[in-house]
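J.: Sequence first, predicted coordinates after that:
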Amino acid sequence: MGKINGCLKCLFIFFNVISAIIGCGLIYVMVRLQIYSSQLAEYVDTSMAWGWVFAIGVLGISILGIVAACTEKLIILRIFAAFMGIGLIIMMIFGIVVVVFRNKVKDMFDSTSAEKAKSYIEDDKARGMLEDIQKTLYCCGLLSYEDWNTTIPNSCDCDLAVGGGYQPSGASGYECISRPKGSSGPDQIFKQSCRDTVFWWFNIIFQVMMGFFFGLAVTALLGLLVSILMIHQVRRHDSGGGASMAMKSY
C-alpha cells in the first residue's frame, strides 16, 4: 500500500492532468498568436513573452504535481506546495490589479466631458476611428448623438443596421430614435452613446479576467491544501506511523 491515500492520489492526479491539458491549450494559443505577432503593436514581444511563461508554467507545474503524486517523494511534494503558494499570491495580486484597473477605466470614461468629446471629433484620425466604432457597436457619438452637432454621419444610421447593412457583432443591443430636428443625416440614428457601449465591452473583459485570476487563486489554494495533506501522510508513513489510512465512506 502506498504512502498516500489512494483516492486522494487519484483525485490529485486527475486535476493535474486537466491542468496539463489546459497548459497545452494555452501553448497552442500562444503558437497561433505568434503567427500574427508581426501585425501587433511594438510592445507585443513583452506580452507574448509573459504569455509563454504563463502557459509553460501551467504545464510544468501540472506535470510536477503528477510526478509528485506518483513518486510520493517528500521533496517533490514540498516543491509543488511551494509553487502553489507562490501561484496563489501571484493570482490574487493579478486579480486585485484587474479590479483596480477596471475602476480607473470606469472613472476615465465617466470623467469624459463634452469639450473632450468635441476635440475628439474634430481630430480627423479620431473621428474616423469613432465612425468605425459606431458601425461595429451600434452607437452614435462619444457621449451622445449631440456630439455631432447638426451633421450626423451615416455610421449612426440605425435603419441601415436593421436592414442588414451592418453585421451584428454581439453588442449590448441598440435602440433607434428619430434624427433631431434641424440636423442632417440618417432619419433613424442609434440612441446609445459609444462611451457606454465601449465600457460595456470593457467591463465584460474585466469580469472574465477577474474570474480567471481569482478562479486560479482558488485552484492554487486547493492544490496547496491537498499537497500539505499528502506531505503529512508521507511524513507519517516515513516516521513509522504505518500506511496511509483509508478514507472513510459515509
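T.: Here it is on my side, so go on.
J.: if I look at Cys10, how far off is His232?
T.: As defined by Cβ to Cβ, to the nearest Å, Cys10 lies at a distance of 18 Å from His232. In short, each C-beta sits where N, CA and C put it, glycine included.
J.: do Gly85 as well
T.: 16 Å.
J.: and what of Ala81?
T.: Counting by Cβ to Cβ, the gap from Ala81 to His232 is 11 Å.
J.: Comparing these two, which shows the higher neighbour count?
T.: The neighbour comparison of Ala81 against His232 (other Cβ atoms under 10 Å) goes to Ala81, with 20 against 13.
J.: Mind telling me what element the closest residue to that one other than its chain neighbours is part of?
T.: Of all residues not flanking Ala81 in the chain, Ser227 sits nearest, at 4.1 Å (Cβ to Cβ, 6 or more residues apart in numbering). Counting by DSSP states H and E, the element that carries Ser227 is helix 194-236.
J.: looking at this, Ile189 is in a strand?
T.: Yes - checked against DSSP: H, G, I helix; E, B strand; the rest coil, Ile189 lies within a strand.
J.: got the contact list for the closest residue to it other than its chain neighbours?
T.: Nearest residue to Ile189 in three dimensions, chain neighbours excluded: Cys156, at 4.3 Å (Cβ to Cβ, 6+ apart). Shown in contact with Cys156 (Cβ atoms under 8 Å, 6 or more residues apart in numbering): 134, 140-141, 145, 148, 185-186, 189-190.
J.: can you rerun that using 7 Å?
T.: Shown in contact with Cys156 (Cβ atoms under 7 Å, 6 or more residues apart in numbering): 134, 140, 145, 185-186, 189-190.
J.: Among the residues you listed, which lie within strands?
T.: Among those, the members falling in strands (DSSP state E) are 189-190.
J.: can you give me the helices in the protein?
T.: 6-35, 44-71, 74-110, 114-122, 124-137, 158-162, 194-236 (DSSP state H).
J.: List the buried residues in the fourth one.
T.: By that I understand helix 114-122. Within helix 114-122, the residues scored as buried using 16 or more other Cβ atoms under 10 Å are 117, 120-121.
J.: Run through who's touching that helix.
T.: Here helix 114-122 has contacts from 126-127, 130, 142-143, 147-148, using Cβ under 7 Å, 6+ apart.
J.: Give me the angle between that helix and helix 124-137.
T.: 100 degrees (axes from the mean of the first three to the mean of the last three Cα atoms, to 10 degrees).
J.: Now for this protein, the helix or strand with the poorest mean pLDDT.
T.: The weakest-scoring helix or strand in the chain, judged by mean pLDDT, DSSP states H and E, is helix 158-162 (a mean of 68).
J.: hang on, the earlier thing: how about the contacts made by the residue nearest to Ala81?
T.: Shown in contact with Ser227 (Cβ under 7 Å, 6+ apart): 77, 80-81, 84.
J.: can you do 6 Å?
T.: Going by Cβ atoms under 6 Å, 6 or more residues apart in numbering, Ser227 touches 77, 80-81.
J.: most surrounded residue in the contacts of helix 114-122?
T.: Going by other Cβ under 10 Å, Trp148 tops those with 25 neighbours.
J.: That one and Ile96, how far apart?
T.: Trp148 sits 40 Å away from Ile96, going by Cβ to Cβ.
J.: So, low pLDDT: which residues of this protein?
T.: With pLDDT under 70 as the threshold, the chain has low-confidence stretches at 1, 36-47, 160-174, 241-250.
J.: any idea how far the residue most central in space within the chain lies from Met92?
T.: Geometric centre of the chain, nearest residue: Met209, 2.9 Å, by Cα atoms, centre = their mean. For Met209, the distance to Met92 equals 13 Å [Cβ to Cβ].
J.: joint contacts of these two?
T.: By Cβ under 6 Å, 6+ apart, no residue touches both Met209 and Met92.
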